[in-house]
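J.: need coordinates for the following:
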Amino acid sequence: MKIIFLNLVLGLFLSNSLFASDPGQDKNILFSTAQTAKQGDFIINDYEVVFPGISYGLSDHIQLSVNSLLPITNEMPLVLMSSVKFKLVDADRFAVSLQPNFWYIRATHTTYDFSPGTFAPTTKKTSSGYTLIGTQLLLDYSLADSQDLVLHGTLSVQFPEGASQLLIAGGGLSARVSSGVKLLSEVLLPLTNNREVQMLLNYGIRFFGEKVAVDLSFLKPLGGIDQVKGGYSVSNSFALGFPWISFSAKI
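T.: Down below sits the predicted model:
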């Protein structure tokens with residue numbers, strides 16, 4: 001039964017073309033690649049269900065993207081992200097893009113005042129918001145003419161409001177192992193002295209067809225803050241890493 005179900009799922013991705021193009025080619029796992037959507041293409045994407053977005057190919061070399069965190073609970077912050085990706089170099093094996101981005105985050109904080117002589121606390125809610133602007137330099141280099149084995153690189157600088165800048169470098173590899181399957185891997189390394197930003201080792205697999213791509217990945221923090229309340233280790237909480245699911249759909 002499991003084998004039949006798996007075949008049905010894979011059939012949805014592979015039925016359109018023997019060698020389908022990848023609708024999720026504009027990203028690896030967490031960081032973007034140098035690729036952009038084709039002119040006129042709309043691509044819906046979603047990370048962990050709660051962070052959906054849409055991208056549009058303004059031209060073959062300019063892509064607009066908007067994402068938002070779904071407010072599932074009242075305590076969840078409002079998160080909006082927008083970016084524009086400009087493909088500056090588009091050679092047979094080499095591509096370079098620049099992607100400026102803007103984030104807006106607004107959180108609601110609840111405080112409780114236990115005044116003397118009262119039986120119930122007084123609840124007070126306050127909201128605060130801040131912005132983050134930055135840009136990413138993105139590079140792709142294909143090790144084969146068929147684009148089946150591609151090296152990815154990124155250098156990102158971000159300027160959070162009221163905080164020191166963040167500088168993050170990354171490298172990755174995507175390997176197409178069949179007509180609709182890719183193996184993905186990447187490393188993200190913070191270059192600033194900020195212990196709240198950890199090095200990440202991410203890896204996973206992508207199933208894709210002409211219209212849909214689904215990533216099943218793991219995010220593994222390495223170093224950084226290891227201890228929180230009760231001595232619980234964040235980095236070692238999952239042996240394989242944090243499960244990460246995302247998808248892209250061309251409409």
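J.: tell me how many other residues surround residue 162.
T.: Counted by other Cβ atoms under 10 Å, the residues lying close to residue 162 total 6. The C-beta positions use only the backbone N, C-alpha and C, and glycine is treated the same way.
J.: where in the stretch 151-251 of the chain is pLDDT low?
T.: 193-197, 223-237 (pLDDT under 70).
J.: and the helices in it?
T.: Per DSSP state H, counting those that start in this stretch, the stretch 151-251 of the chain carries no helices over any range.
J.: which parts of the stretch 1-150 of the chain are strands?
T.: Secondary structure of the stretch 1-150 of the chain, counting by DSSP state E, counting those that start in this stretch: strands at 42-47, 51-59, 62-68, 78-90, 94-113, 122-142, 149-160.
J.: reformat those strands into JSON lines and put mean neighbour count and distance to residue 182 next to each item.
T.: Below are the strands of the stretch 1-150 of the chain laid out as JSON lines (neighbours: other Cβ atoms under 10 Å; distance: least, Cβ to Cβ, whole Å):
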{"stretch": "strand 42-47", "mean neighbour count": "18", "distance to residue 182": "16"}
{"stretch": "strand 51-59", "mean neighbour count": "17", "distance to residue 182": "19"}
{"stretch": "strand 62-68", "mean neighbour count": "18", "distance to residue 182": "20"}
{"stretch": "strand 78-90", "mean neighbour count": "17", "distance to residue 182": "20"}
{"stretch": "strand 94-113", "mean neighbour count": "15", "distance to residue 182": "17"}
{"stretch": "strand 122-142", "mean neighbour count": "15", "distance to residue 182": "13"}
{"stretch": "strand 149-160", "mean neighbour count": "18", "distance to residue 182": "9"}
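J.: out of those strands, nearest to residue 211?
T.: Among the strands of the stretch 1-150 of the chain, the nearest to residue 211 by Cβ to Cβ is strand 42-47 (9.8 Å).
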